[in-house]
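[1] 3D, please:
(one chain, ligands or ions: 1)
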Amino acid sequence: MVGMQSETRAGSRSSAADRARAARRTVQWLPGAALLASIGCAAVARAPASPHVAGGSPEEAGRYLILVGGCNDCHTPGWDRSGGKLPTSEWLTGSDVGYRGPWGTSYAANLRISAQNLGEEAWVRMFREAAGRPPMPWLNYVTLHERDLVAMYRFIRSLGEKGVPAPRAVPPEEEPATPYILMVPQQPKSRP
Ligand code: HEC
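    Presented below is the predicted three-dimensional model:
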């Protein structure tokens, strides 16, 4: 997976620069310069440490993040076959084809249901803890800016609930009852 932190660097740089300029102006114009300068520094230090996506609304940013984050590849049935053309109303309803590996068999969750059942904080915590099974790329998403995580959540929630829950994960020693994709390296057949 590619990195998830789509950025609006130009935007965040210029706003930090604006704040610094504003702080300098304040220092020139008012008495008590030392105190005001230290307040200015604190404001600059509080600038967001990591980049995040800015959209017209959190939902718009969230749609963009879901798209470039590749979430549809696993969580939206038929995404590949549609050439990425499925309407948003069809997105993220989960899959009943398993991913089987040393972790057992996992299923890409129905996020249209997850987003309705989880609160915003629980959603963010889940990504921070990155505690789920592969092949969900938890480790790639662990440093996503909180605003990006919330934006994705709000977008999915705005789509409303749709579909049925994905099957429960199956432990490694059990045979799954659904079709599955085997995710372990295969040896090439020996050549004659
Ligand atoms: C390579 C496939 C893949 C991709 C890409 C992927 N996921 Fe997943 N996702 C999964 C699988 C499989 C699970 C189930 C993991 C488990 O059983 O622990 C899952 C689980 C989740 C869960 C947990 C849901 C719940 O209710 O427990 C969330 C939330 C989630 N994915 C969100 C996302 C988002 C948002 C993106 C894109 C930024 C994304 N996923 C991209 C495969 C993927």
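[2] hey, let's count contacts and neighbours off CA atoms from now on
    Fine.
[3] how about the residues of the chain that lie near the ligand?
    Within reach of the ligand by CA under 6 Å from any ligand atom, the chain has these residues: 66, 69-71, 73-74, 106-109, 114, 132-137, 169.
[4] Buried among those? Need that as a selection in ChimeraX.
    This is how ChimeraX selects the buried members of the residues of the chain next to the ligand, with burial counted by 16 or more other CA atoms under 10 Å:
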select :66,69,71,74,106,107,108,109,114,133,134,135,136,137,169
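[5] Please pull out the lowest mean pLDDT helix or strand from the protein.
    Ranking every helix and strand in the chain by mean pLDDT, DSSP states H and E puts helix 9-29 at the bottom, with a mean of 40.
[6] Which residues are in contact with Cys71?
    By CA atoms under 8 Å, 6 or more residues apart in numbering, Cys71 lies in contact with Leu92.
[7] distance of it from Arg63?
    For Cys71, the distance to Arg63 (CA to CA, to the nearest Å) stands at 10 Å.
[8] Now the common contact residues for those two.
    Common neighbours of Cys71 and Arg63 (criterion: CA under 8 Å, 6+ apart): none identified.
[9] Could you list the domains of this structure?
    The chain is divided into the following domains under automatic domain parsing: 1-51, 53-182.
[10] Out of those domains, which one sits most buried?
    domain 53-182 (a mean of 18; mean count of other CA atoms under 10 Å).
[11] Quick one: mean pLDDT for that one?
    Averaged across domain 53-182, pLDDT comes to 97.
[12] Quote the end-to-end distance of that domain.
    First-to-last residue span, domain 53-182, CA to CA: 35 Å.
[13] What of stretch 81-100?
    22 Å.
[14] can you give me how far it is from the chain middle?
    Relative to the chain's own centre, stretch 81-100 is displaced by 16 Å; criterion: CA atoms, centre = their mean, to the nearest Å.
[15] Cheers, nothing more for now.
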